[in-house]
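*Asks:* give me the fold of what follows.
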Amino acid sequence: IVSIAFISITVLVAALVIILLFSSFFIRSVMLPVEQITEKAKRIANGSYGAQIKTKYNDEIADLAETINEMSVKISQNEKMQAEFISQLSHELRTPLTTISGYAELLSSGMLQKPEDATEFGRKILAESRRLLTLIEDIIRLSRLDEGVRDEVTPVDLTALIHHCVQKLTPAAQNAQVSISASGNDPVLISGDHALLEEMLTNLLENGIKYNHAGGYVRARAEMADGRAVVTVADNGVGIAPEDQQRVFERFYRVDKSRSKQTGGTGLGLSIVKHGAQVHHAQIAMQSALGEGTTITLTFPAQSSGKK
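*Replies:* Take a look at the predicted model:
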């Protein structure tokens, strides 16, 4: 009996030791990733996003670690993009301000001999001031889009909106000796931000006019295809090289910097189009060839479109 009791106690003690060892190992294996996650969270809070959390297990803690790793990468990328944007913005603001300052200094110096020089300098100051105001307005618009701010969503007839934008830009097209037209009369309805959609279409049409040649054309239409609203803006202008086609939607990216400055472009027009498309869950497609022109298509989701 004593022997059996002794054996039982020994087995019980051994079992307890094993349980304690296993518990210790289990607690350590759980606490180590938790400590790593806590340390990583502190580093993110202090602006350090480098090291990734590593865990050998496939459980809820591993899922949490992966989520924090992904968040860290996204925050790092956003900070990098923000720094690049600020750098580009500083350059874009500096250029017109330097020009305005230079001409204003000449005007105030009293050194101009001819009255027509003062008139010409005044025109240049006015042109740079307008360009600066346009740039600021585009930046504000992009900032609002980044923050998810949008105007009231209402039914919008894309056909009517295109005709309105074409009529608005006809004088600019005539000055550039470019024909501009809208085809189609059937209403094409979607639910959207009217002001933003108008700005998107205006930007596309303006690009078609600016990056064109005398005798060129810009054509726009809205139609229904497979239950989806589709907007197409096509021109036979200068076209875009294949290596630039993915980048033209980036902020401040210009294919031809000198031509863009001459036409008063801010380098933000297509970026607004891209963000506006994202707001409306629309897809953008581009077809372009150097010397032949560019066609940009916006396809809106079926659930938000309709036709009378």
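*Asks:* can you classify Val233 as helix, strand or coil?
*Replies:* What DSSP: H, G, I helix; E, B strand; the rest coil gives for Val233 is strand.
*Asks:* in the sheet, who's paired with it?
*Replies:* Beta-bridge partners of Val233, counted by DSSP bridges, are Ala220, Ile296.
*Asks:* neighbours of it, just the number please.
*Replies:* Look at Val233: counted by other CB atoms under 10 Å, it has 24 neighbours. Yep, even glycine has a C-beta here, placed from its N, CA and C like the rest.
*Asks:* quick check: pLDDT value at it.
*Replies:* Looking at Val233, its pLDDT is 97.
*Asks:* tell me the secondary structure at Val238.
*Replies:* Secondary structure, three-state DSSP: Val238 is coil.
*Asks:* how about the nearest residue to it, chain neighbours excluded?
*Replies:* Excluding the flanking residues, the one nearest Val238 by CB to CB, 6 or more residues apart in numbering is Tyr211, at 5.0 Å.
*Asks:* number of residues surrounding that neighbour?
*Replies:* Neighbour tally, Tyr211, other CB under 10 Å: 22.
*Asks:* likewise the one 3 residues further on?
*Replies:* By other CB under 10 Å, the residues close to Ala214 number 7.
*Asks:* nearest residue to Gly293 other than its sequence neighbours?
*Replies:* Asn236 (3.9 Å).
*Asks:* verify the contact between the one you found and Tyr217 for me.
*Replies:* Yes: using CB atoms under 8 Å, Asn236 is in contact with Tyr217, at 5.8 Å.
*Asks:* tell me which helix or strand of the protein sits lowest on mean pLDDT?
*Replies:* Taking mean pLDDT, DSSP states H and E as the measure, the chain has strand 305-306 as its least confident helix or strand, at a mean of 40.
*Asks:* geometric centre of this structure: which residue is closest?
*Replies:* By CA atoms, centre = their mean, the chain has its centre lying nearest to His275, at 4.7 Å.
*Asks:* helix or strand: which one has that residue?
*Replies:* According to DSSP states H and E, His275 maps onto helix 269-279.
*Asks:* that helix: what's the following helix or strand?
*Replies:* That would be, after helix 269-279 and using DSSP H and E, strand 283-289.
*Asks:* if we can go back for a sec, the residue nearest to the residue nearest to the centre of the chain when sequence neighbours are not counted - how many residues pack around it?
*Replies:* Excluding the flanking residues, the one nearest His275 by CB to CB, 6+ apart is Leu145, at 4.2 Å. Residues near Leu145, counting by other CB under 10 Å, number 19.
*Asks:* so Leu145, which of the three states?
*Replies:* What three-state DSSP gives for Leu145 is helix.
*Asks:* from Leu132, how far out is it?
*Replies:* Remark: distance between Leu145 and Leu132 (CB to CB, to the nearest Å) = 21 Å.
*Asks:* go on, Val273?
*Replies:* Distance, Val273 to Leu132, by CB to CB: 22 Å.
*Asks:* kindly report the same for Ser179.
*Replies:* Per CB to CB, Ser179 is found 31 Å from Leu132.
*Asks:* contacts only, for the closest residue to Arg150 other than its chain neighbours.
*Replies:* Distances taken as CB to CB, 6+ apart place Asp193 nearest to Arg150, at 4.8 Å, with adjacent residues excluded. Applying CB atoms under 8 Å, 6 or more residues apart in numbering to Asp193 gives the contacts 150-153, 276, 279-280.
*Asks:* what's the answer for Ser181, then?
*Replies:* Counting by CB under 8 Å, 6+ apart, Ser181 touches 166, 217-220.
*Asks:* in the sheet, who's paired with it?
*Replies:* Applying DSSP bridges, one finds that Ser181 bridges with Arg219.
*Asks:* please tell me how far it sits from Asp63.
*Replies:* For Ser181, the distance to Asp63 - CB to CB - is 55 Å.
*Asks:* do the same with Glu223
*Replies:* For Glu223 relative to Asp63 (CB to CB), the value is 45 Å.
*Asks:* what is whatever helix or strand Leu201 lives in packed up against?
*Replies:* Element membership of Leu201, judged by DSSP H and E, is helix 194-210. Contacts defined by 3 or more CB pairs under 8 Å, 6 or more residues apart in numbering; DSSP states H and E place helix 194-210 against strand 153-157, helix 158-175, strand 179-183, strand 217-225, strand 228-235, helix 269-279, strand 293-299.
*Asks:* reformat those as JSON lines; add distance to Leu89.
*Replies:* Formatted as JSON lines, those follow (distance: least, CB to CB, whole Å):
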{"stretch": "strand 153-157", "distance to Leu89": "30"}
{"stretch": "helix 158-175", "distance to Leu89": "26"}
{"stretch": "strand 179-183", "distance to Leu89": "31"}
{"stretch": "strand 217-225", "distance to Leu89": "29"}
{"stretch": "strand 228-235", "distance to Leu89": "27"}
{"stretch": "helix 269-279", "distance to Leu89": "12"}
{"stretch": "strand 293-299", "distance to Leu89": "25"}
